[in-house]
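Chemist: Sequence and predicted structure, then a few things I'm wondering about:
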Amino acid sequence: MTASVIVSLRVGVSPLRAFEAFTREIGRWWVPNPLFALTPLGDGRLAFEPGEGGRLVTMFEDGTEFEVGRIDVWEPGRRLALTWRQATFAADQATFLDVCFEAVGDETRVTVEHRGWDTIPREHVARHGFELMLFQRRQVEHWRVLLASMKGILRHGGG
């Protein structure tokens, strides 16, 4: 079993709309955090290529892009799963993101599970020397900020 970071948040929209916001609008709600920068150049602008086998990429103003991950599961309104890499990872290193969308009354519970950080060595630049439990707490904080930002977009920008 691998160590996981799990964060949930309810949003006042349907599961399908929450899925669309998470995927189609990631460039609007993603909040860069220098501690968890995707590349040494920062996070750029994230975008999904929809469907299984599609990619999550980040694009920079100079036209270059970095592939953050490949989509393994694309079930609109239900689930999204993909590999997740930072530019500093070795070719054999990856973490995994699993996002579930569950109707709860008139709302949707969005649950993000980010696992595999225990396979990235503590001394790796992505872990900043943090022992695993502290690193996971910081990851939880980061994902809470991200989901709250998405919720704000849905509340004020077309839920």
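Modeler: That came in fine, so what should we check first?
Chemist: residue nearest the centroid of this structure?
Modeler: L97 (6.4 Å; CA atoms, centre = their mean).
Chemist: contacting residues for it?
Modeler: 69, 80-84, 112-114 (CB atoms under 8 Å, 6 or more residues apart in numbering). The C-beta positions use only the backbone N, C-alpha and C, and glycine is treated the same way.
Chemist: out of those, who's nearest R10?
Modeler: Ranked by distance to R10 (CB to CB), the contacts of L97 are led by V112 at 13.0 Å.
Chemist: residues making contact with the helix or strand the closest one falls within?
Modeler: Using DSSP states H and E, V112 sits in strand 107-115. Here strand 107-115 makes contact (CB under 8 Å, 6+ apart) with 2-15, 17-18, 22, 84, 95-103, 139, 143, 146-147, 150.
Chemist: Could I get the CA-only coordinates of it as CSV?
Modeler: Extracted in CSV, the C-alpha atoms of strand 107-115 (Å, rounded to 0.1, in the frame of the first residue of the first chain):
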residue,chain,number,x,y,z
GLU,A,107,-24.2,19.0,-4.1
THR,A,108,-21.2,17.0,-5.4
ARG,A,109,-18.4,15.7,-3.2
VAL,A,110,-15.1,16.1,-5.1
THR,A,111,-12.5,13.8,-3.6
VAL,A,112,-8.8,14.0,-4.6
GLU,A,113,-6.5,11.2,-3.7
HIS,A,114,-2.8,11.9,-4.6
ARG,A,115,-0.7,8.8,-3.9
